[in-house]
Every structure is written in structure tokens, then in C-alpha cells.
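Just to be clear, the model below is a prediction. Sequence and coordinates:
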Amino acid sequence: MDAHPDRQVDYRVEGPAARLTLNSPHNRNALSTALIAQLHQGLRDAVAHPRVRMVVLGHTGGTFCAGADLTQASDEPAADPETLAAQRGREMAALLRALLESPLPVIGAIDGHVRAGGMGLVGACDMVVAGPKCTFALTEARIGVAPAIISLVLLPKMTPRGAGRYFLTGETFTAPTAVELGMVTIAAKDVETELSCLVEALAKGSPQGLAASKRLTTAPILADFDRAAERLTQESARLFISAEAREGMLAFLQKRPPEWSESATEVSD
């Protein structure tokens, strides 16, 4: 990929690794249609490269990914909002599936905040190295929706008790807790140092051996994914266009408490 003013994902090859770097820090690397399309292209380019053995998914700025681009969602025409929301959900589901289905191992290299749909990217990676600046949160319930589509990749990896807590509370947690929950492989003091060890180890694998071994780990996830993806996409779309979700997203964009929160009630009283 060449440099381009509309480029939101940078691509470069370093030895055996193709590095895909989310580079849209002005909106916290939110999952816009353009960013998702560029991630797909980066994965295709990596698979086509004869020397690449793995993909490293990283980021610029203090946030790895803030989830859906709510600003883009608010700019959509009002003609058929549920259809548009479902289309956006299918874009996200297709990206998560592409990460899982890629024959190349995908390593997340993260040292920043991860929220909502960004958690789905983490769940779809085969390995994740998380640095000391990382914070994680599933904040969907706080804006009136649910982590429906990303649950396809998170629930198979998170502990049941962890999912039961953090899916519901939206609490923030750090890299060591993410390791305990099964979401992260290594909580690192220095991400690049730990990353280099994984790259070196993976580089010893053959293309066929890596692809076949990865399939063993992703096949059960993909089977459940294909059974539930469309149902969860429709559920996500219905929630997204609801009155509660509109209030939640508006409150988020306006940096105020939503009308159902205790703090909002105290203000109105």
C-alpha cells in the first residue's frame, strides 16, 4: 500500500511479518467503512506476499480502536436505518471472520485503549501482546446496545465469569486482567520486545504448517460464527436503531450522562 491522504491503515512488510497499523488517531481508530475495507485489503496483500508468514495488527495514537464510528453512523441517511445498521454489522462480522480465516497467524500488538468493537479485533487475533498503557472495556450496554457481533470471537476465549462481569458492567480493566480472562496472551512491559520473540518463533513454521495448525484452533469458533452471525447482526441492528441507543450515542457524542443514568437523574432533580 502506498501513502495516501485517505489511508487509515498502513501496510508494510518487515522480514516475515506484514504489519497492519490502524492509523486514524483523530477518531481513535474507529471502525469506519473505509478502515474496515483497508484492513481487508491489507490481509489480502499479506497472504499474497511470498515471504510473509504472519500479520501484526498494531496502531498509532493512544487508542488501539474505539469501536464503531458513531460519527459516521449519525451521518447516514434516515431512509432505512435498520437496513443500514445491519449492513454495518455485516461489515464488522466479515472482518472478524477474515481475521479468523486468514491462513496467516495474526498477532495483536497493542499499547493503548481498546473499546467495544476494538475488543472484537483483539478476540479475532491468534495472539495478543498488550502493553502497560492498555485499558479494555466492553461499553456497549452503557449506550443502549450489546456486544452482539463481537461476542462471536470473545466468548470462546474469555472465561465465563469474566464475560458475565465485563459484558454487563462496562468496567475498565488492564492487560494483566485481560490475560487472566483469556483475551490477551502476554501482558508486556515492552510490546516490541515480546512481539519480536513471537515473530521469531512463528518464522520457524512452514506456511502449510502454520495454516493447518491455525485451522485447528479456529475451526470451532468459525463453526459457531457461521451459525450465529446473521442472527446477531439482526439483533445488533435492532438495538442500534432503538430509542435507548439513540440517546446513548447522542449522550456519548455530547459527553454527558444518558438520561437513564443516576448522574443524569441527579442533575435533573
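It's in.

remind me which residues of the stretch 51-200 of the chain are low pLDDT?
Residues of the stretch 51-200 of the chain meeting the criterion pLDDT under 70: 70, 72-79.

repeat that with 90
Applying pLDDT under 90 to the stretch 51-200 of the chain picks out residues 67-81, 84.

quick one, helices of it?
70-74, 81-101, 117-124, 151-154, 160-169, 175-181, 191-203 (DSSP state H, counting those that start in this stretch).

Tell me which of those helices sits nearest to residue 145.
Taking CB to CB, helix 81-101 is the member of these nearest to residue 145, at 9.8 Å. Heads up, the C-betas are built off the backbone N, CA and C, glycines and all.

quick one: the closest one to helix 117-124, angle?
Angle between the axes of helix 81-101 and helix 117-124 is 30 degrees (criterion: axes from the mean of the first three to the mean of the last three CA atoms, to 10 degrees).

So what's the gap between helix 81-101 and the chain middle?
12 Å (CA atoms, centre = their mean, to the nearest Å).

Return the set of buried residues in it.
Residues 84-86, 88-93, 95-100 are the ones in helix 81-101 that count as buried (16 or more other CB atoms under 10 Å).

How about stretch 242-258?
Across stretch 242-258, burial judged by 16+ other CB under 10 Å covers 245, 247, 248, 249, 251, 252, 257, 258.

from the residues you listed, which ones fall inside helices?
Secondary-structure check on the buried residues of stretch 242-258 using DSSP state H: residues within helices are 245, 247, 248, 249, 251, 252.

and which of the buried residues of stretch 242-258 is nearest to residue 137?
Using CB to CB, residue 252 is the member of the buried residues of stretch 242-258 that sits closest to residue 137, with 12.9 Å.

Nearest residue to residue 155 in space, please, no chain neighbours.
If the residues on either side of it in the chain are set aside, residue 155 comes closest to residue 163, at 5.8 Å by CB to CB, 6 or more residues apart in numbering.

surely that neighbour meets residue 153?
No - at 11.9 Å, residue 163 and residue 153 do not qualify as touching, with contact defined as CB atoms under 8 Å.

neighbour count winner among the two?
Residue environment comparison for residue 163 versus residue 153 gives the larger neighbour count to residue 153, 27 against 19, counting by other CB atoms under 10 Å.

can you pull the contacts of the more buried one?
Neighbour list for residue 153: 96, 100, 120, 123, 124, 221, 225 [criterion: CB atoms under 8 Å, 6 or more residues apart in numbering].

who touches the fourth one in this structure?
Meaning residue 123. Residue 123 makes contact with 96, 150, 153, 154, 157, 158, 183 under the criterion CB under 8 Å, 6+ apart.

Sweet, I'm off.
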